[in-house]
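# Okay, predicted coordinates and the sequence, questions at the end:
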Amino acid sequence: MPLTRRRSLAVTAALAAVCGAGLTQPTPASADAATDRAALAQWWAPVNFQDVDSTGETALGGKSDYITSYDYDGDLNGRNNWENTSQFPLAAHVYYSVVQTPSFSYLLYTYFHPRDWSDGVLDNYQEDLTEHENDAEGVLVVVANDGSAHGQLKAAVTVAHSNFYSWVPSGSDFTSGQETVDGTLKLQGDPHDDGHGRPFTTQQPNTHAAWAEGYLSQERSQYASGDGIVYYPGSTAEVPSGSNDRDVQYTLTDVFAANGMWANRTLTTLFATTDNFAGDDSSNPYGAKCGAGGVLGPANGACATDAANPPWAWDDSNDLPGRGYLATNPAELVWDYFDWPGKPSSPDLAYTWDQYNGITS
């Protein structure tokens, strides 16, 4: 939606300057600063409960719900990820990026799946009609830079397809802004470190919409007494032992790593456009093709092509912030979503680090 709805000319000009800088290549950060950002992302990396559905023609016994990397099969071809899901182990990776202003650090985590699929049961009209190759959902974690080593957790925004949902942990002074806070962000300790509280997210099976854990009754039930995988940040990219593995470590991968997601955004085998992962509806020599699990069936075009967006193209079109702002301009989005003591009268766009827009001072 147009920024001019509620922005002063000064803020609009500042945003234009930020976006214009995106045409430049970021300069390398100092080793210490880069290490600090990576450590901050590691500290606040979420614990993620992935609910698993083992039924349906394209479920692969639950494997279709495992998180992994887009190159899990050893290549940078997004158009064979659906087919290769059954042929390769799905080691757990989560992508991240860090954007900073003097006041806040915005930590974005992306969960990738090779399949967005359906079990063929029409219990959710919007989610069960079609399938598509590749899927990316995630969560923005907002941390106040209070001078401590890891800052103070203030809020989170999760991605459920074309909708964003906002959360605050207990004790946060963030409240509803232009968008109503949807609930409490639970914290969960990690048995592989000192056990400090981390954002606790959950993903639905099939379509992998992300929420704060405990918000959805179905996911509460599955976490308590059903099946699913609990992913913890760690030093090893582990492969789940099955559809009910409650301790799987994932490793973090920087979106801006050399030859990484951002660097390859113009690689046409991986991205159909810079805003869309490449995915097709081709045949599958190893089993059911994309679309076979959708209620419409493959004959009726139930496999959407090039349907998954990378984080810099995520959008909630019903909300004011623009397309991709969750990654590229999070200060604007958070200013809209939340209120807090001392909140400025306009968004603080004085980014000190925003590689999406070439800002690496």
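Received, thanks.
# Contact partners for Glu131?
By CB atoms under 8 Å, 6 or more residues apart in numbering, the contact list for Glu131 reads 58, 115-118, 290-294, 302-304. For glycine as for every other residue, the C-beta is placed from the backbone atoms N, C-alpha and C.
# out of these, who has the most neighbours?
Trp117 (35 neighbours; other CB atoms under 10 Å).
# could you dump the contacts of Glu131 to TSV with pLDDT and secondary structure?
As requested, the contacts of Glu131 are exported to TSV (pLDDT from 0 to 100; DSSP: H, G, I helix; E, B strand; the rest coil):
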residue	pLDDT	secondary structure
Thr58	94	coil
Arg115	98	strand
Asp116	96	strand
Trp117	95	coil
Ser118	91	coil
Cys290	95	coil
Gly291	91	coil
Ala292	90	coil
Gly293	88	coil
Gly294	79	coil
Ala302	88	coil
Cys303	93	strand
Ala304	92	strand
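# Out of these, flag the one nearest to Leu349.
Asp116 (33.6 Å; CB to CB).
# Leaving out chain neighbours, which residue sits closest to that closest one?
Asp135 (3.9 Å; CB to CB, 6 or more residues apart in numbering).
# Wait, the one you found touches Pro310, no?
No: between Asp135 and Pro310 there is no contact under CB atoms under 8 Å: 11.3 Å.
# so the residue nearest to Asp116 bridges to which residues?
According to DSSP bridges, the partner residues bridging Asp135 are His113.
# For it, give me its contacts.
Listed by CB under 8 Å, 6+ apart, the contact partners of Asp135 are 112-116, 207-208, 308.
# Looking at those, which one is closest to Asn80?
Pro114 (9.3 Å).
# and the nearest residue to the closest one once chain neighbours are set aside, helix, strand or coil?
Among residues not flanking Pro114 along the chain, Asn81 sits closest, at 4.0 Å (CB to CB, 6+ apart). Per DSSP: H, G, I helix; E, B strand; the rest coil, the secondary structure class of Asn81 is helix.
# Relative to Glu133, how far out is Asn81?
To Glu133, Asn81 is 6 Å away according to CB to CB, to the nearest Å.
# How about Gly120?
From Gly120 to Glu133 the distance is 17 Å (CB to CB).
# Neighbour count: these two, which is higher?
Remark: of Gly120 and Glu133, Glu133 carries more neighbours, 31 against 17, as counted by other CB under 10 Å.
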